[in-house]
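**Q** Sequence and predicted structure, then a few things I'm wondering about:
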Amino acid sequence: MSWLRSNRWGLLALAILAPVALLVALGAGWFEYVEQENGRPVVAAAGDTVEYGGSEFSLLESYRVDADSDRGQAAGLRPGTTLISATIGVTPGSEPPSCSVELTDASGERRWAEATFADADVTNADGTESYCSTDAEAPYRLQVFFVVPDDAAAAPKLRFYRLDLLPDLILFEL
């Protein structure tokens, strides 16, 4: 008896169940999940104003501090790292925004959360907030800090998003 003939029922089941499994996976939101992970970014440069979720956001300034510099040593940066700061202008809409901010490298494959006191000794500039205020009614400035490896500091991008609006997000080029 040939192999095909002896395994015909298993092969028939595979021929039927494989497409069914694919349809179930696609129907369960696989594409939405992948799209949400990578997002549908609106790319913006410094000075551009972007409307997002009823509020307006613009990148006002950004700077980098190397660990080897005097400022880097004063901030307690570890060798081989760079501190990146960005200041975003926020004009709340009718509903004050909440937000999440991440930094990605040029490829977008590596991501970093905001720096903590363990990463660097930094403080916000006067007149800036360290988080998106859900109580704000007037325009304000948001300042965020990230500590990244030196190789990621060449062309980073700031991912700015609200969980309820994903996969739409803002991608500021620093």
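**A** Happy to help now that I have it. Numbers count the residues shown, from 1 in each chain.

**Q** going forward, measure contacts between C-alpha atoms and count neighbours the same way
**A** Fine.

**Q** Sketch out the strands for the protein, chain order is fine.
**A** For the chain, applying DSSP state E gives strands covering 40-44, 49-52, 55-66, 81-91, 100-104, 111-112, 128-129, 140-149, 157-161, 168-173.

**Q** got those as JSON lines, with mean pLDDT columns?
**A** Output for the strands of the chain, formatted as JSON lines (pLDDT from 0 to 100):
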{"stretch": "strand 40-44", "mean pLDDT": "88"}
{"stretch": "strand 49-52", "mean pLDDT": "94"}
{"stretch": "strand 55-66", "mean pLDDT": "94"}
{"stretch": "strand 81-91", "mean pLDDT": "95"}
{"stretch": "strand 100-104", "mean pLDDT": "93"}
{"stretch": "strand 111-112", "mean pLDDT": "93"}
{"stretch": "strand 128-129", "mean pLDDT": "90"}
{"stretch": "strand 140-149", "mean pLDDT": "95"}
{"stretch": "strand 157-161", "mean pLDDT": "92"}
{"stretch": "strand 168-173", "mean pLDDT": "92"}
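
**Q** Turn those strands into JSON lines, including mean neighbour count.
**A** Converted to JSON lines, those look like this (neighbours: other Cα atoms under 10 Å):
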{"stretch": "strand 40-44", "mean neighbour count": "16"}
{"stretch": "strand 49-52", "mean neighbour count": "17"}
{"stretch": "strand 55-66", "mean neighbour count": "18"}
{"stretch": "strand 81-91", "mean neighbour count": "22"}
{"stretch": "strand 100-104", "mean neighbour count": "20"}
{"stretch": "strand 111-112", "mean neighbour count": "16"}
{"stretch": "strand 128-129", "mean neighbour count": "16"}
{"stretch": "strand 140-149", "mean neighbour count": "22"}
{"stretch": "strand 157-161", "mean neighbour count": "23"}
{"stretch": "strand 168-173", "mean neighbour count": "22"}
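
**Q** what's the closest of those to residue 5?
**A** Proximity to residue 5 (Cα to Cα) singles out strand 40-44 among these, at 49.6 Å.

**Q** so what pLDDT did residue 26 get?
**A** Note on residue 26: pLDDT of 67.

**Q** and what of residue 70?
**A** Looking at residue 70, its pLDDT is 94.

**Q** How about residue 29?
**A** For residue 29, the pLDDT comes out at 61.

**Q** can I assume residue 142 is in contact with residue 89?
**A** Yes. Shown here, residue 142 and residue 89 form a contact pair, counting by Cα atoms under 8 Å, at 6.4 Å.

**Q** which ones are touching the residue nearest to residue 61 when sequence neighbours are not counted?
**A** If the residues on either side of it in the chain are set aside, residue 61 comes closest to residue 87, at 5.3 Å by Cα to Cα, 6 or more residues apart in numbering. By Cα atoms under 8 Å, 6 or more residues apart in numbering, the residues touching residue 87 are 59-62, 141-144.
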